[in-house]
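Peer 1: Sequence below, structure please.
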Amino acid sequence: MPFNLPIALTWGRIVFIPLIIVLYYVPHGWLSEPLRDTIAASVFIVAAITDWLDGYLARKWNQTSAFGAFLDPVADKLMVAAALLLLLKIGRVDTAIAFIIIGREITISALREWMAKIGASASVAVSWLGKFKTTAQMVAIPCLLYYQDLYGVSTALLGRILIIVAAILTVWSMCYYLKKAWPEILRRSR
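Peer 2: Residues are numbered from 1 along each chain as shown. All right, here's what the predicted structure looks like:
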């Protein structure tokens, strides 16, 4: 397993997951709710920045690797799924939204793995639609974690709007990837 700064940043993103979760399980009175939410949102934002930074550094320094290509999306999906389940627990995201986003991630991950096994991974490469979906998620989730007004802006409302946008883009992007893979699926099922 190669080890370099981009991979260390990806591992760091995985380590941030339990830190965010633990904040919501500390005994009441240890942290005020606004402080807890501020720390959780801040940690998520740092983790989201490392998602961009690790890929940028890996390409810039020519430190891309098969392991890094495997670990990066796993870290992203774990981070988003953990945050959504936490938001579901504290009543800040709807069950249907969490199911749509997490279900899509599982479906597309399985599809990509299968397409890679049959040598057709290029047909399900990340698209601009997937990038918009990820951006909407990565802005919505810290807004829903923070859940307070910020400079007169309701992050709770902004987060709720963006998570619905993310869910719509999630379904759209899943349909897009399945449509791209469908000819290969049909060909292999005969």
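
Peer 1: residue contacts, the residue nearest to the spatial centre of the chain?
Peer 2: By CA atoms, centre = their mean, the chain has its centre lying nearest to residue 80, at 3.7 Å. Contacts were defined as CB atoms under 8 Å, 6 or more residues apart in numbering; by that measure residue 80 touches 101, 102, 105, 137, 141. Every residue, glycine included, has its C-beta placed from N, CA and C.

Peer 1: Show me which residues of whichever strand or helix holds it are buried.
Peer 2: Residue 80 belongs to helix 66-89 when assigned by DSSP states H and E. Residues 68, 71-73, 75-77, 79-84, 86-88 are the ones in helix 66-89 that count as buried (16 or more other CB atoms under 10 Å).

Peer 1: Top of the contacts of residue 80 by number of neighbours, please.
Peer 2: residue 141 (30 neighbours; other CB atoms under 10 Å).

Peer 1: What is the distance between the helix holding residue 80 and the centre of its chain?
Peer 2: 5 Å (CA atoms, centre = their mean, to the nearest Å).

Peer 1: After that helix, heading C-terminal, what element do we hit next?
Peer 2: Assignment by DSSP H and E places the next element after helix 66-89 at helix 95-117.

Peer 1: And the contacts of that following helix?
Peer 2: Outside helix 95-117, the residues touching it (CB under 8 Å, 6+ apart) are 73, 77, 80-81, 84-85, 87-88, 121, 123-124, 137, 163-164, 166-167, 170-171, 173-174, 177-178, 181, 184.

Peer 1: Next: stretch 7-14.
Peer 2: Residues contacting stretch 7-14 (CB under 8 Å, 6+ apart): 47, 50-51, 53-54, 57, 63, 65, 67-68, 71-72, 75-76, 78-79.

Peer 1: Specify which member of these is nearest to residue 146.
Peer 2: Nearest to residue 146, judged by CB to CB, of those is residue 47 at 14.3 Å.

Peer 1: helices or strands up against the strand or helix carrying the closest one?
Peer 2: Element membership for residue 47 (DSSP H and E) is helix 33-60. Judged by 3 or more CB pairs under 8 Å, 6 or more residues apart in numbering; DSSP states H and E, helix 33-60 is in contact with helix 5-23, helix 66-89, helix 128-146.
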